[in-house]
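Peer 1: Build me a structure from this.
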Amino acid sequence: MSDKERGIEEEKAKLLEGRKDVEAGKHLMTSAKSLSLGGFGLTSIVILYYAICSSTMLVINKVAIYHFPCPISLLCLQLFFSAFAVTLGHYVGVVSAEAIDFDKLKKFVWVVVGFLGTIFANIKVLQHANVETFITFRSTTPLILSICDYIYLGRALPTMRSWLSLVVLLSGSFGYVLVDSDFKIDAYYWLLLWYAFFTFDTVYVKHMCETVKMTNWSRVYYTNAIALGPLLLALPLAGEQDRLSSVVWTSNVWVPVLLSCLMGICMSHSAYLLRDTVSATLFTIVGILCKIITVVINVLIWDKHATPAGIGFLLVCVFAGTFYEQAPKRAL
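Peer 2: Below is the predicted model:
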């Protein structure tokens with residue numbers, strides 16, 4: 001066989017190998033898309049994971065704060081537990097998390113600002129209002145987030161069906177305010193602060209997920225480890241020293257505190273998974289819809305819930321959210 005013929009055969013072999021690689025890649029992509037658990041696709045599994053965490057975290061935090069009335073200290077414990085758990089998991093090889101990188105750190109600072117502001121306002125809301133008040137105000141956020149998705153994240157505007165579902169969500173929220181049996185103006189001040197931080201956090205984190213490549217556990221580690229620093233510095237200013245010294249660490253205290261720490265890391269992990277999977281608006285709506293489980297738990301175990309009329313308006317919000325359709329990416 002001549003050198004020319006051997007060269008042609010080698011080129012054919014390379015082309016054949018390349019075709020095999022392409023076919024293998026297509027097969028892997030198809031397998032990944034079709035991978036399921038009990039009939040649920042990967043996106044559905046992520047939504048279910050987030051729904052379980054989200055629906056229980058709010059109630060657990062409410063119980064923890066009731067028995068351990070030191071919200072900033074509780075938040076520090078949750079952040080430390082999450083950062084330590086990821087570090088330990090990475091050390092033993094269970095999870096993969098990157099060390100702090102300065103370039104990514106600069107981009108991540110605003111994530112931490114939004115995160116700290118949101119969870120701080122969240123805890124203050126839970127101090128001054130019932131769970132349904134918080135859930136219903138959260139139901140209004142998709143309306144503004146759908147505009148943010150269009151302006152900042154390259155998605156199309158919602159369809160008419162989706163706009164109607166968002167308007168009904170907003171109407172149900174206003175209806176709840178009219179019949180709220182535990183209306184407190186200081187709680188609504190905290191709710192407005194939470195609203196601003198939550199909107200910024202949701203949009204900016206989605207932008208970070210799309211532009212800064214890192215593992216999901218790295219995002220969890222960055223968020224909790226970086227946020228812990230400024231919060232520890234602010235802890236002496238919180239004025240919780242007297243309450244901390246009077247806490248008796250019985251099972252009624254340490255059990256809900258430990259559960260809130262465990263759920264904290266699960267919530268952070270599941271939230272980043274879901275943010276990476278769906279739009280900012282749909283992420284928020286999933287959070288709202290899964291809160292119906294929170295309402296059921298809250299009614300069963302807690303005496304600080306809204307009136308039947310208030311819960312009715314909440315159910316209107318949840319029902320409206322089921323009709324929302326995620327807007328696709330705009331063609332560039």
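Peer 1: Every contact and neighbour count from this point should use C-alpha atoms.
Peer 2: Will do.
Peer 1: residue ranges of the strands in the protein, please?
Peer 2: 36-37, 40-41 (DSSP state E).
Peer 1: Which one of those has the poorest average confidence?
Peer 2: Looking over the strands of the chain, mean pLDDT reaches its minimum on strand 36-37, with a mean of 44.
Peer 1: Burial check on residue 160, number of neighbours?
Peer 2: 11 (other CA atoms under 10 Å).
Peer 1: Now the residue nearest to the spatial centre of the chain: closest residue in space, sequence neighbours ignored.
Peer 2: For the chain, the residue nearest the mean C-alpha position is residue 271 (3.3 Å; CA atoms, centre = their mean). Spatial nearest neighbour of residue 271, excluding adjacent residues (CA to CA, 6 or more residues apart in numbering): residue 50 at 6.2 Å.
Peer 1: residue contacts, the one you found?
Peer 2: Applying CA atoms under 8 Å, 6 or more residues apart in numbering to residue 50 gives the contacts 267, 270, 271, 274, 287.
Peer 1: which among those residues gets closest to residue 111?
Peer 2: residue 271 (13.4 Å; CA to CA).
Peer 1: ok, now how distant is that closest one from residue 113?
Peer 2: 17 Å (CA to CA, to the nearest Å).
Peer 1: where does the protein have low pLDDT?
Peer 2: 1-40, 131-132, 180-187, 291-306, 331-332 (pLDDT under 70).
Peer 1: and if we set it to 50?
Peer 2: 8, 11-39 (pLDDT under 50).
Peer 1: All the helices of it, residue numbers only.
Peer 2: 3-34, 42-67, 71-92, 102-128, 131-138, 141-152, 160-179, 185-211, 216-234, 241-246, 251-277, 280-301, 308-321 (DSSP state H).
Peer 1: which residues touch residue 108?
Peer 2: Contacts of residue 108 (CA under 8 Å, 6+ apart): 208, 222, 223.
Peer 1: Could you measure from it over to residue 54?
Peer 2: 23 Å.
Peer 1: do the same with residue 318
Peer 2: 15 Å.
Peer 1: same question, residue 272
Peer 2: For residue 272, the distance to residue 54 - CA to CA - is 12 Å.
Peer 1: which of these two has more neighbours?
Peer 2: Neighbour totals were compared for residue 272 and residue 54, and residue 54 leads with 25 against 20 (other CA under 10 Å).
Peer 1: Please report how far the more buried one lies from residue 47.
Peer 2: From residue 54 to residue 47 the distance is 10 Å (CA to CA).
Peer 1: Same check on residue 103?
Peer 2: 31 Å.
Peer 1: And these two? Which one has more around it.
Peer 2: Between residue 103 and residue 47, counted using other CA under 10 Å, the more crowded position is residue 47 (22 against 8).
Peer 1: excluding its backbone neighbours, what's nearest the more buried one?
Peer 2: residue 274 (6.6 Å).
Peer 1: contacting residues around the one you found?
Peer 2: 43, 46, 47, 50, 283.
Peer 1: Closest to residue 188 out of these?
Peer 2: residue 283 (23.4 Å).
Peer 1: what's stretch 82-101 in contact with?
Peer 2: Counting by CA under 8 Å, 6+ apart, 214-218, 220-222, 224-225, 261-262, 264-265 sit against stretch 82-101.
Peer 1: Check which residues of it are buried.
Peer 2: 82, 83, 85, 86, 87, 90, 95, 96, 97 (16 or more other CA atoms under 10 Å).
Peer 1: so which of the contacts of stretch 82-101 would you say is closest to residue 171?
Peer 2: Of the contacts of stretch 82-101, the one sitting nearest to residue 171 (CA to CA) turns out to be residue 264, at 31.4 Å.
Peer 1: quick one, what contacts the closest residue to that closest one other than its chain neighbours?
Peer 2: The spatial neighbour of residue 264 that comes closest, neighbours along the chain excluded (CA to CA, 6+ apart), is residue 78 at 6.1 Å. Residue 78 makes contact with 260, 261, 262, 264, 265, according to CA under 8 Å, 6+ apart.
Peer 1: how far away is residue 78 from residue 260?
Peer 2: For residue 78 relative to residue 260 (CA to CA), the value is 7 Å.
Peer 1: Kindly report the same for residue 248.
Peer 2: 18 Å.
Peer 1: out of the two, which sits in the more crowded spot?
Peer 2: Each of residue 248 and residue 260 has its neighbours counted (other CA under 10 Å); residue 260 has more, 27 against 12.
Peer 1: Report the separation between that one and residue 94.
Peer 2: Residue 260 is 22 Å from residue 94, by CA to CA.
Peer 1: Could you do residue 209 as well?
Peer 2: Taking CA to CA, one finds residue 209 at 22 Å from residue 94.
Peer 1: again, but for residue 243
Peer 2: From residue 243 to residue 94 the distance is 37 Å (CA to CA).
Peer 1: go on, residue 171?
Peer 2: Taking CA to CA, one finds residue 171 at 46 Å from residue 94.
Peer 1: likewise residue 273?
Peer 2: In terms of CA to CA, residue 273 sits 17 Å off from residue 94.
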